[in-house]
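[1] got a predicted structure here, sequence first:
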Amino acid sequence: MHRLISRAEAKPPFFVGIDLGGTSVKLGVVDDHGRTLLRFSIPTETKKGPEDASRRMGLAVHRAIEEAGLECSAIAGVGLGSAGPMDIPGGKLRETANLPGWNWFPLRDRVAHHCGMPVIFTNDAAAAAYGEFWVGSGQKYDSMTLLTLGTGIGCGIIIDGYNLIGENSYGAESGHITINSADDARMCGCGRTGHLEAYASATAVTKITREALDGGRASSLTAQIAHGTHLSPKLVAQEAEAGDPLSMEIVLGTARHLGVGIVSIMHTIATECVLLGGAMTFGGSKSPLGRQFLAGVQEEVRRRAVGRLAERTTIDFASLGGDAGYLGAAGTARAECRTR
């Protein structure tokens, strides 16, 4: 978790970052060097609707500023990263599964209204990518890609310091690149087949594991599930670490699928590094299993990438964890302010 600094250590100007998810909203007050003075979260409470959430986010911005020991006049910008497909120039959400009933809501402008400050709006994965680029694992590069592995697969791409947004705000939707064009390819949550997300997301890992168990594969997972443990990537990782062959097969299979997808991204947009973040990194760099997972991804990339891409592109874990979203949202606001 990102270290907090004191008001005396901080260098103005200051920025507020908001990371809106389906369950919670994370906020942080950040200085000009990307260091955090204060952070907290509030529940999203999606069922109360987007206007109520916008109001509470506006109040939370003022609470954050006050608790950080600042005046509103010290805040140079507010950034908001949101889950779900969106119209970024229009400041609106599109049809989004994570925020049901919020479709086409003018989120940016309503949050701006309630906090009394202009708000810069971006995709949550793009915000997380900018956080890693600014103060995380990507800060020594001019260009980078971040894949966030969770229920689905989010992606943010930074080129020469700018987020790739794309036409219709659908740039960097790399979770939906096709890695299997066969007629029997797996179904993605978006309703189409063969996408990376159908093979390398947490949802996919759980489904693939369940199919293997239902097909009669022997595994220590069976006993765990019989005792009431919920089948999840976390359980698969636990059993893989304990030596279960099927669980290890699932982890390394996920690595291979991810490597295939990463190569397609590399061949299209040759960023200097590709970072892996999100909740499903099998323990990340701190875990032997996580390091084995990363090595599997790297090996698949080396096997498939052409030219100098395989040897010159860094594949590594992201480092900011759950702080990446609000840090990147604040950083996006900072970048916007610096272009004015």
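    Done, it's in.

[2] quickly find the element holding the residue at the greatest distance from the centre of the chain.
    Farthest-out residue of the chain from its mean C-alpha position, per C-alpha atoms, centre = their mean: G216, at 34.5 Å. Using DSSP states H and E, G216 sits in no helix or strand.

[3] one more: A255?
    Applying DSSP H and E, one finds A255 within helix 245-268.

[4] just the CA coordinates for that helix, please, in PDB.
    Extracted in PDB, the C-alpha atoms of helix 245-268 (Å, rounded to 0.1, in the frame of the first residue of the first chain):
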ATOM      1  CA  PRO A 245      -1.200 -31.000 -10.100                       C
ATOM      2  CA  LEU A 246      -4.600 -29.900 -11.500                       C
ATOM      3  CA  SER A 247      -4.400 -26.500  -9.700                       C
ATOM      4  CA  MET A 248      -0.900 -25.900 -11.000                       C
ATOM      5  CA  GLU A 249      -2.000 -26.900 -14.500                       C
ATOM      6  CA  ILE A 250      -4.800 -24.300 -14.300                       C
ATOM      7  CA  VAL A 251      -2.300 -21.600 -13.200                       C
ATOM      8  CA  LEU A 252       0.200 -22.300 -15.900                       C
ATOM      9  CA  GLY A 253      -2.500 -22.600 -18.500                       C
ATOM     10  CA  THR A 254      -3.800 -19.200 -17.500                       C
ATOM     11  CA  ALA A 255      -0.200 -17.900 -18.000                       C
ATOM     12  CA  ARG A 256       0.000 -19.300 -21.500                       C
ATOM     13  CA  HIS A 257      -3.300 -17.800 -22.500                       C
ATOM     14  CA  LEU A 258      -2.300 -14.500 -21.100                       C
ATOM     15  CA  GLY A 259       1.000 -14.700 -23.000                       C
ATOM     16  CA  VAL A 260      -0.800 -15.300 -26.300                       C
ATOM     17  CA  GLY A 261      -3.000 -12.200 -25.700                       C
ATOM     18  CA  ILE A 262       0.000 -10.000 -24.600                       C
ATOM     19  CA  VAL A 263       1.900 -10.900 -27.800                       C
ATOM     20  CA  SER A 264      -1.100  -9.600 -29.900                       C
ATOM     21  CA  ILE A 265      -1.000  -6.300 -27.900                       C
ATOM     22  CA  MET A 266       2.800  -6.100 -28.300                       C
ATOM     23  CA  HIS A 267       2.600  -6.600 -32.100                       C
ATOM     24  CA  THR A 268      -0.100  -3.900 -32.400                       C
END
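
[5] following the helix or strand A310 falls within, which helix or strand shows up next?
    Per DSSP H and E, A310 falls inside helix 309-312. For helix 309-312, the following helix or strand on the C-terminal side (DSSP H and E) is strand 314-317.
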